[in-house]
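Undergrad: Prediction below, plus the sequence it came from.
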Amino acid sequence: MELMRIETQTITHLQEWLGKSETLSDAITAAPVRALSATLDREDPAPTKGTFLPELWHWLYFLPHARESEIGPDGHPKRGGFLPPVPLPRRMWAGSRIQWLAPLSVGDDIERVSTIQSVTHKAGRTGDLIFVLVQHQISNQNGLAIIEEHDIVYRDAPGPDDKPVAPTAAPTDAKWTKTIAPDDVFLFRYSALTFNGHRIHYDRKYVTEVEGYPGLIVHGPLIATLLVDLVRQSIPDCKLKSFEFRAIRPTFDINIFKVSAKPDLEKDPSGKTIAIWAQDHEGWLTMQACAVLV
């Protein structure tokens, strides 16, 4: 049985954030769409007013704009504010579940209402874990367009005696596969597009010497975007009804990785449910996902 390192009163304090909400407004402009298309090496037509916003590209908007004095040593905004001030050093986007109710387009005025749905504690094998579930509801001038559940996990830095979790082999029966060769320019461009200052994605000295990783970490949302992009390339003109993903293991820029997909005919004989995953250069599963087509 693991010992709790976080005191009970701290957990109680963090749960005071339950139900906390914030509302942000933005506009879907063309420049980020054009920039992400270039970053993904796509030959898309130049976006204009009315151009469909591809699935997951809403992550280019409602970006955090913390002042420089509010940035912590890891490049993240300091704790507190909308998200609870969890006293654990490492924060990860662990997964999401997204439903598309209506399309978004370049030129739309959009609003996002975010609400903290739960704050839970677990004493894991390597120490404390805090899970924060945030629901985002995104609307345009026509009404509600996207409902997203966002899982954030906070954890301790691993100790010298902690053993890594045993890896899981990725499936070997993909119908579509693409090899990605990440580099620091690719990761930096995505960080810039999402105004993400987290140093693990671009500061090699920091990520290797302070956080102890072997290389720069590929953003989880970037891998998820690449998974959906593989489906878009493999099934032209498809539209997504829903998508969910779960991060399994970190992916580093020092090796290639693969994104793969196949129709999950066992789950859905119609072929509209697509199993998608990412794997590292050794064949270990790094992200597991599922998309349902309209």
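TA: Received, thanks.
Undergrad: And residue 36, how close does it get to residue 54?
TA: Residue 36 is 9 Å from residue 54, where distance means C-beta to C-beta, to the nearest Å. For the C-beta atoms, the positions are set from N, CA and C on the backbone; glycine is no exception.
Undergrad: More neighbours: the two, which one.
TA: residue 36 (24 against 21; other C-beta atoms under 10 Å).
Undergrad: helix, strand or coil for the more buried one?
TA: helix (DSSP: H, G, I helix; E, B strand; the rest coil).
Undergrad: Do you know the pLDDT at it?
TA: Reported pLDDT at residue 36 in the predicted model: 98.
Undergrad: show me the contacts for it.
TA: Contacts for residue 36 (C-beta atoms under 8 Å, 6 or more residues apart in numbering) come out as 57, 60, 190, 193, 225.
Undergrad: 6 Å instead, please
TA: residue 193 (C-beta atoms under 6 Å, 6 or more residues apart in numbering).
Undergrad: How about the secondary structure of the residue nearest to the spatial centre of the chain?
TA: Among the residues of the chain, the one closest to the centroid is residue 221, at 3.0 Å (C-alpha atoms, centre = their mean). Using three-state DSSP, the structure places residue 221 in helix.
Undergrad: Secondary structure class of the nearest residue to it once chain neighbours are set aside, three-state.
TA: Spatial nearest neighbour of residue 221, chain neighbours left out: residue 59 (5.6 Å); criterion: C-beta to C-beta, 6 or more residues apart in numbering. What three-state DSSP gives for residue 59 is helix.
Undergrad: and residue 59, how far is that from residue 53?
TA: 10 Å.
Undergrad: neighbour count winner among the two?
TA: residue 53 (23 against 20).
Undergrad: my read: the more buried one touches residue 102, true?
TA: No - counting by C-beta atoms under 6 Å, residue 53 does not reach residue 102; the two are 11.2 Å apart.
Undergrad: got a list of what residue 120 touches?
TA: residue 131.
Undergrad: Using the three-state scheme, assign it.
TA: Applying three-state DSSP: residue 120 is strand.
Undergrad: what about the strands in this structure?
TA: 21-27, 90-100, 109-124, 127-140, 143-155, 176-180, 240-247, 257-263, 273-279, 285-293 (DSSP state E).
Undergrad: Select, out of those, the one closest to residue 169.
TA: Smallest distance to residue 169 across the strands of the chain (C-beta to C-beta): 6.7 Å, for strand 285-293.
Undergrad: before we move on, the earlier item: against residue 16, how distant is the residue nearest to residue 221?
TA: Counting by C-beta to C-beta, the gap from residue 59 to residue 16 is 28 Å.
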